[in-house]
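based on what follows, work out the 3D shape:
(chains A and B)
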Amino acid sequence: QITLKESGPTLAKPTQTLTLTCTVSGVSISTIGVGVGWVRQPPGKALEWLGIIYWDDDKRYNPSLNGRLALMKDTSKNQVVLRVTNVDPVDTATYYCTHINTNNEDFDYWGQGLLVTVSS
Amino acid sequence: QTVVTQEPSLTVSPGGTVTLTCGFNAGTVTPNSFSSWFQQKPGHAPRALIYSTRNKYSWTPARFSGSLLGGKAALTLSNVQPEDEADYYCLLYSGGGYFFGTGTKVTVL
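Residues are numbered from 1 along each chain as shown, chains lettered A, B, ... in the order given. Prediction:
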């Protein structure tokens, strides 16, 4: 049974760097074919893919975030960390992490999500 | 800029059938788009329903099916149940990135 859980601050101020952690259980994030992705959803709006980090540490980011994202793995803790720099109120959203089976590009398991509000 | 478009809303009667579609503004959806579908109910995380166009998970009800239709990805709900009322999102893979659709709100009435 694969489970994921997001953690981090629920409030951030504009211009700060937001750091969120995804803790994965039930599979090693170093297993060939495993990816961990981040998706966000502003209140009342659609889902938006942010980025993915692969088992081999390769990374892909949504270019619309203009280089503000960084993903890294802590294999000893089976965690993936997402950093978003220079946050703005438009970054207010529920942030989800997902397990991705890269053989099929399918986002099969999702965390419960973490609502982050950006406000001064 | 890649945009993935879905119907904003659809209404279906209990026991009826409804088809949702998902299209790229830049071209057609193909098997290499690895289209997938998600159901989301208020206050909950999305739940995966379909992957790689038409494959189901062990938890996917049999009444959900995926396909390609007229250059778009499609999700068909047959024998619709009241609990199928939800938002549905598609996801397409292209050029190393992923693109979610705009979402369809399905009302069962």
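
only C-alpha atoms for contact and neighbour calcs from this point on.
OK.

contact residues of chain A facing chain B?
A:46-49, A:60-62, A:96, A:104-113 (CA under 8 Å from any CA of the partner chain).

residues contacting B:Pro46?
A:110, B:38-40 (CA atoms under 8 Å, 6 or more residues apart in numbering or on different chains).

highest neighbour count among those?
When neighbours are counted by other CA atoms under 10 Å in any protein chain shown, A:Trp110 leads the contacts of B:Pro46 with 24 neighbours.

surely that one touches A:Tyr96?
Yes: A:Trp110 sits in contact with A:Tyr96 when judged by CA atoms under 8 Å, with a separation of 6.8 Å.

what touches both of the two?
Common contacts of A:Trp110 and A:Tyr96 (CA under 8 Å, 6+ apart): B:Ala45.

partner residues bridging A:Ile100?
A:Gly35, A:Phe107 (DSSP bridges).

what's the burial count for it?
Using other CA under 10 Å, A:Ile100 is surrounded by 21 other residues.

please apply the same query to B:Tyr57.
For B:Tyr57, the neighbour count with other CA under 10 Å is 12.

please report how far it lies from B:Ile50.
7 Å (CA to CA, to the nearest Å).

how close does B:Leu75 sit to chain A?
Here B:Leu75 is placed at a distance of 16 Å from chain A (CA to the nearest CA, to the nearest Å).

please name the bridge partners of that residue.
Here B:Leu75, judged by DSSP bridges, has bridge partners B:Leu20, B:Gly66.

picking up where we left off before, tell me which of the contacts of B:Pro46 is nearest to A:Val27?
For the contacts of B:Pro46, the residue nearest A:Val27 by CA to CA is A:Trp110; the value is 13.3 Å.

where's that closest one relative to A:Tyr54, distance?
Using CA to CA, A:Trp110 is found at 16 Å from A:Tyr54.

then A:Asp108?
Distance of A:Asp108 to A:Tyr54, computed by CA to CA: 15 Å.

B:Asp87 now?
In this view, B:Asp87 and A:Tyr54 are 29 Å apart by CA to CA.

between those two, which one's more packed in?
In this view B:Asp87 and A:Tyr54 are compared by other CA under 10 Å, and A:Tyr54 has more residues nearby, 22 against 19.

which ones are touching the more buried one?
Counting by CA under 8 Å, 6+ apart, A:Tyr54 touches A:29, A:33-36.

quick one: which of these is nearest to A:Thr75?
Taking CA to CA as the measure, A:Thr75 lies nearest A:Ile29 of the contacts of A:Tyr54, at 6.9 Å.

from memory that closest one sits against A:Gly37, does it?
No: the criterion here is CA under 8 Å, and A:Ile29 misses it with A:Gly37 at 11.2 Å.
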